[in-house]
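*Asks:* what's the 3D shape of this:
(one chain, ligands or ions: 1)
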Amino acid sequence: MTLKQSREPHVVLLATGGTIASRARPEAGGAAVASDTGEQLLESFRPASALPVRVVDVFRRGSYALTFDDMATVCHRIKEVLADPQVLGIVVTHGTDTMEETAYLADLSHDDPRPVVFTGAQNPADPPSPDGPDNLARAVAVAGSPAARGRGVLLSFAGWIFPARGVRKIHTVALDAFGNPDAGTAGSVTAAGDVHLAPPPPGRQILPLPASGQGAGSRVDLVASYPGADGVLLRAALDAGASGIVLQATGTGNANPTLCAAVGEATAAGVTVVTSTPVHAGPVVPIYGKGGGKDLLAAGAVPSGTLRPPQSLILLSLLLRLGTPRPRIIESFTQHGRPPS
Ligand SMILES: NC(=O)C[C@H](N)C(=O)O
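*Replies:* Below you'll find the model as predicted:
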């Protein structure tokens with residue numbers, strides 16, 4: 001799609017669907033389905049700033065159904081939009097289920113000082129209580145704010161502003177749905193559009209986006225450790241042709257002797273295994289033997305640092321699609337998974 005250049009400085013609304021664009025549809029048995037266009041979203045919101053907004057529709061989908069390729073499409077579209085020098089910043093409206101994945105992929109590949117701000121909603125667009133219009137109004141104010149420049153990709157939700165790396169959906173239904181347990185908030189934005197941001201963190205390592213089709217055959221699966229887990233699911237991933245596996249381990253990043261043996265088989269076969277943890281905060285630390293994190297490290301698994309399984313999966317998928325050799329993959333996880341300073 002060719003993007004029209006605009007002659008005045010403006011914010012672009014990049015619409016991808018999600019609950020912010022969803023309404024109960026009779027033809028779907030009353031289920032909420034992403035159906036509003038970007039223009040419809042724009043009509044619904046009360047501007048907190050006087051900035052003009054231009055709409056670009058990418059797709060209209062629930063984010064639970066997105067693939068890595070869909071997320072890469074959003075990121076490519078961000079780059080196309082930023083080719084217009086009149087664009088001050090971008091708001092991406094997105095489902096909340098996998099917002100942390102797409103926002104992180106966008107952050108990894110964002111090499112422009114202009115703000116890219118993800119937002120969405122917990123309640124559908126139907127009355128009586130959509131939270132999307134308020135979130136959108138605030139996100140537009142953040143995207144147009146000079147204070148938000150040079151910070152990579154941000155997520156603005158329920159008045160809070162978060163850095164993309166480390167951000168997580170922390171509540172299934174509450175309107176205040178996001179947190180960043182390790183990094184905390186980057187700042188806040190009022191309903192009137194006043195943006196407050198802490199000083200920017202040090203520079204980030206930027207990675208390229210794979211060209212369309214590049215590394216498309218690479219498959220990354222998520223396998224969990226749980227009481228009684230054996231190597232069956234991990235081996236199923238290998239049989240399916242996985243070139244990478246994120247192991248959702250327990251605690252500081254532990255499994256058990258059986259799973260650890262399967263990890264050793266995988267790494268010996270050249271498959272990259274990354275150990276992550278679903279625990280709220282803190283890094284993966286190799287401490288324990290008998291199938292614990294120290295044994296996983298010895299079996300060739302790469303600790304994810306503070307990256308949780310969803311964002312570990314994004315980083316690993318990106319690195320493998322780019323054809324990154326193993327030493328650089330280890331380096332990248334060390335760099336991107338380091339605790340925030
Ligand atoms: N609140 C949401 O946006 C959830 C929605 N189901 C999604 O697309 O991820």
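*Asks:* what about the one residue sitting closest to the centre of the chain, which SS state?
*Replies:* Nearest to the geometric centre of the chain sits Glu101, at 2.2 Å (C-alpha atoms, centre = their mean). Per DSSP: H, G, I helix; E, B strand; the rest coil, the secondary structure class of Glu101 is helix.
*Asks:* which SS class is the residue of the stretch 201-341 of the chain found nearest the ligand?
*Replies:* The ligand sits closest to Pro310 of the stretch 201-341 of the chain, with a gap of 12.3 Å, by C-beta to the nearest ligand atom. The C-beta positions use only the backbone N, C-alpha and C, and glycine is treated the same way. For Pro310, the assignment made with three-state DSSP gives helix.
*Asks:* got the contact list for it?
*Replies:* Taking C-beta atoms under 8 Å, 6 or more residues apart in numbering, we find Pro310 in contact with Thr98, Glu100, Glu101, Tyr104, Arg168.
*Asks:* swap in Arg46?
*Replies:* By C-beta under 8 Å, 6+ apart, Arg46 lies in contact with Pro133, Asp134, Ala137.
*Asks:* For Gln248, which residues count as its bridge partners?
*Replies:* Ala224, Ser276 (DSSP bridges).
*Asks:* okay, it: pLDDT?
*Replies:* Turning to Gln248, the model gives it a pLDDT of 98.
*Asks:* How much space separates it from Asp230?
*Replies:* As judged by C-beta to C-beta, to the nearest Å, Gln248 and Asp230 stand 15 Å apart.
*Asks:* got it, and Pro325?
*Replies:* 31 Å.
*Asks:* same check, this time on Glu43
*Replies:* Distance, Glu43 to Asp230, using C-beta to C-beta: 54 Å.
*Asks:* With Leu207 instead?
*Replies:* Distance from Leu207 to Asp230, by C-beta to C-beta: 35 Å.
*Asks:* Now the stretch 1-150 of the chain against the ligand: closest residue?
*Replies:* Sorted by distance to the ligand under C-beta to the nearest ligand atom, the residues of the stretch 1-150 of the chain start with Gly95, at 2.0 Å.
*Asks:* Ok, the stretch 151-300 of the chain next?
*Replies:* Ala177 (7.3 Å).
*Asks:* re the thing from before, considering the contacts of Arg46, which possesses the most neighbours?
*Replies:* When neighbours are counted by other C-beta atoms under 10 Å, Ala137 leads the contacts of Arg46 with 21 neighbours.
*Asks:* wait, doesn't that residue sit right on Pro47?
*Replies:* Yes: under the criterion of C-beta atoms under 8 Å, Ala137 makes contact with Pro47 at 6.1 Å.
*Asks:* Checking Asp134 next. Helix, strand or coil?
*Replies:* State at Asp134, reduced to three classes by three-state DSSP: helix.
*Asks:* OK, contacts around it?
*Replies:* Phe45, Arg46, Ala191.
*Asks:* change it to 10 Å
*Replies:* Phe45, Arg46, Ala48, Thr119, Ala121, Ala158, Gly159, Leu175, Ala191 (C-beta atoms under 10 Å, 6 or more residues apart in numbering).
*Asks:* what's the answer for Val302, then?
*Replies:* By C-beta under 10 Å, 6+ apart, the contact list for Val302 reads 244, 246-247, 267, 272-276, 284, 296, 312, 316, 326, 329-334, 337.
*Asks:* got it, and Phe45?
*Replies:* Phe45 is in contact with 13, 20, 53, 130, 132-140, counting by C-beta under 10 Å, 6+ apart.
*Asks:* what two of those residues are the furthest from one another?
*Replies:* Greatest spatial distance among the contacts of Phe45 (C-beta to C-beta): Val53 and Pro130, at 18.0 Å.
*Asks:* Quickly find the element holding Leu238.
*Replies:* Per DSSP states H and E: Leu238 is located in helix 232-239.
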